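*Asks:* A predicted structure for the sequence below; I have some questions about it.
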Amino acid sequence: AQLVESGGGLVQPGGSLRLSCAASRFTSGSYNWTWNRQAPGKERELVASIADTGGTTVYANSIKGRFTISRDNAKNTVYLQMNNLKPEDTAVYYCGASGHGLYGYLEVWGRGTLVTVSS
């Protein structure tokens, strides 16, 4: 199983970006898809998650109302729409997936995509 992030870059404060996470080689199952971020000198933190079962979403308080996680099953892709970006959103953003597939429990991480918010 593999996750590949894209869509990061440099954006001015108040701007928007949409991150994509393309999933491949996942067996049928039930997974929880997450976006996490790690800023320089800080620990990795959960930004948002979306569950296969029911599509339940969870957001960190720091980004509520500004970020939206979604998934397109037909494209095997999870998105993170980020609006009204702030300098403190600068971080490497990682896509993650965990859950039970055909062969047991699985946890996968992508390599990350850098988001820089600066004027």
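*Replies:* Here it is on my side, so go on.
*Asks:* could you report the neighbour count for the closest residue to T53 other than its chain neighbours?
*Replies:* Computed as CB to CB, 6 or more residues apart in numbering, the closest residue to T53 that is not its neighbour in sequence is S30, at 5.4 Å. Glycine gets a C-beta too; all of them are placed from N, C-alpha and C. Neighbour count for S30, taken as other CB atoms under 10 Å: 10.
*Asks:* hmm, A97 and S30 touching each other?
*Replies:* No - shown here, S30 and A97 do not form a contact pair, counting by CB atoms under 8 Å, at 10.8 Å.
*Asks:* most centrally placed residue in the chain?
*Replies:* W35 (2.4 Å; CA atoms, centre = their mean).
*Asks:* tell me what that one is bridged to.
*Replies:* With DSSP bridges applied, W35 shows beta-bridge pairing to A48, C95.
*Asks:* which parts of the helix or strand hosting R71 are buried?
*Replies:* Using DSSP states H and E, R71 maps to strand 67-72. Applying a neighbour-count criterion of 16 or more other CB atoms under 10 Å, one finds F67, T68, I69, R71 buried in strand 67-72.
*Asks:* do the same with stretch 82-101
*Replies:* Result for stretch 82-101 [16+ other CB under 10 Å]: buried residues M82, L85, D89, T90, A91, V92, Y93, Y94, C95, G96, A97, G99.
*Asks:* distance of A51 relative to A74?
*Replies:* For A51, the distance to A74 (CB to CB, to the nearest Å) stands at 18 Å.
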